[in-house]
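Novice: Sequence isn't available, so here's the structure alone:
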């Protein structure tokens, strides 16, 4: 099976970054999905390019056991934040956070260090450990 580090190198050789991977089950089909990002944004052509390069590699070294579909996508304008590097890359953006206590709020992610997110909610700076966060995502005000 192919290692994540190998996927990262291949994706980076296309001029983009690996944001995340997921295995989803939709309509009784298993899907291995790769999310890619870049400062310039992600086009359909870039997704197709990454897919064309990875598909034959996955034919030889599958990322999953059994049958699956493979997709390459942008994580979208509102991205899930699950890993420290995703928080670091999102500093300066608005985020929507739900804590384990079920408290929810929207604020600006001002910093991330030592697994602690500093989120400014109105005039208050909240220091939140990743352990306290049930879910978080970047937030776009429509």
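Specialist: Good, I have the coordinates. A quick note: this is a predicted structure, and the numbers were derived from the prediction, not measured.
Novice: Buried residues of the helix ranked longest in the chain, list them for me.
Specialist: As assigned by DSSP state H, the longest helix anywhere in the chain is helix 44-60. Under the neighbour-count criterion of 16 or more other C-beta atoms under 10 Å, helix 44-60 has 46-47, 49-51, 54, 58 buried. (Glycine included, C-beta is placed from N, CA and C.)
Novice: any idea which of the residues you listed is the one closest to residue 6?
Specialist: The shortest gap between residue 6 and any of those belongs to residue 54, at 9.9 Å (C-beta to C-beta).
Novice: What's the local residue count around the residue lying closest to the closest one once chain neighbours are set aside?
Specialist: Setting aside the residues directly before and after it, residue 54 is nearest to residue 10 in space (C-beta to C-beta, 6 or more residues apart in numbering), at 6.2 Å. When neighbours are defined as other C-beta atoms under 10 Å, residue 10 has 16 of them.
Novice: Make 393 the first number, not 1, from now on.
Specialist: I'll keep to 393 as the first residue from here, and by that count the last item is residue 402.
Novice: residues in contact with the strand or helix carrying residue 402?
Specialist: When secondary structure is defined by DSSP states H and E, residue 402 falls within helix 396-405. Taking contacts as C-beta atoms under 8 Å, 6 or more residues apart in numbering, the residues outside helix 396-405 that touch it are 409-410, 413, 426, 428, 442, 445-446, 449, 455.
Novice: same thing with stretch 422-437?
Specialist: Residues outside stretch 422-437 that contact it (C-beta under 8 Å, 6+ apart) are 399, 403, 406-417, 438-439, 442, 446, 450, 455-456, 458-467, 471, 481.
Novice: Same question for stretch 447-463.
Specialist: Contacts with stretch 447-463, where a contact means C-beta under 8 Å, 6+ apart, come from 393-394, 399, 402, 413, 415, 421-426, 443, 446.
Novice: Narrow those residues to those in strands?
Specialist: If you go by DSSP state E, the contacts of stretch 447-463 have 413, 415, 421-426 in strands.
Novice: From these, list just the buried residues.
Specialist: For the ones in strands among the contacts of stretch 447-463, a burial check counting by 16+ other C-beta under 10 Å picks out 424-426.
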